[in-house]
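Participant: Could you work out the structure for the sequence below:
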Amino acid sequence: MHHRCKVGDCVLHNFDFLKKLAKTQSAKKRYNLIKYANPDEMQALVEIAHNIVHSKFKLTPAKTRKLTPYATPIRELSRARTVNTVKRVLQNGNGIPLASLLLPVLLAVGQKLLE
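Facilitator: Got it, this is the predicted structure:
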């Protein structure tokens, strides 16, 4: 198999949670999704951030420009080792645009599931 991106099992298993988080417009609903997320769901977010920071997942130039102002919290998220750290970064991360972070990965997961 040849894939342009690397999507781990953790991301695949939490596809529904990630899709819901990416689609949520309301800050309050997003806050509650993060607040009540289980450790596996939080790990999926860390894995996505890690893969983006380390260029294992390619973003379009437009997505890269949109995420550039949030580079510091995304790096923090990629290095998070505890659930509380992940939640703190996401809730205090100066409004990381989760949809921009998650949608390219969700598209890749969807393609992988269809294969």
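Participant: Show the average pLDDT along the strand or helix carrying residue 52.
Facilitator: Remark: residue 52 resides in helix 39-53, with elements defined by DSSP states H and E. Mean pLDDT, helix 39-53: 90.
Participant: swap in stretch 95-109?
Facilitator: 78.
Participant: ok, which stretches of the protein are helices?
Facilitator: 9-13, 15-23, 27-35, 39-53, 61-67, 71-79, 83-92, 98-114 (DSSP state H).
Participant: burial measure for the residue lying closest to residue 80 once chain neighbours are set aside, as a count.
Facilitator: Spatial nearest neighbour of residue 80, excluding adjacent residues (Cβ to Cβ, 6 or more residues apart in numbering): residue 86 at 4.5 Å. In short, each C-beta sits where N, CA and C put it, glycine included. Neighbourhood size, residue 86 [other Cβ atoms under 10 Å]: 23.
Participant: With residue 17 instead?
Facilitator: 17.
Participant: was I right about it contacting residue 30?
Facilitator: No: at 11.8 Å, residue 17 and residue 30 do not qualify as touching, with contact defined as Cβ atoms under 8 Å.
Participant: What separation do you get for residue 77 and residue 96?
Facilitator: Applying Cβ to Cβ, to the nearest Å, the value for residue 77 to residue 96 is 7 Å.
Participant: my bad, should have said residue 63
Facilitator: 13 Å.
Participant: Settle it for me: which of those two has more neighbours?
Facilitator: Taking neighbours as other Cβ under 10 Å, residue 63 and residue 96 compare with residue 96 leading, 22 against 16.
Participant: which non-adjacent residue is nearest that one?
Facilitator: Excluding the flanking residues, the one nearest residue 96 by Cβ to Cβ, 6+ apart is residue 70, at 4.9 Å.
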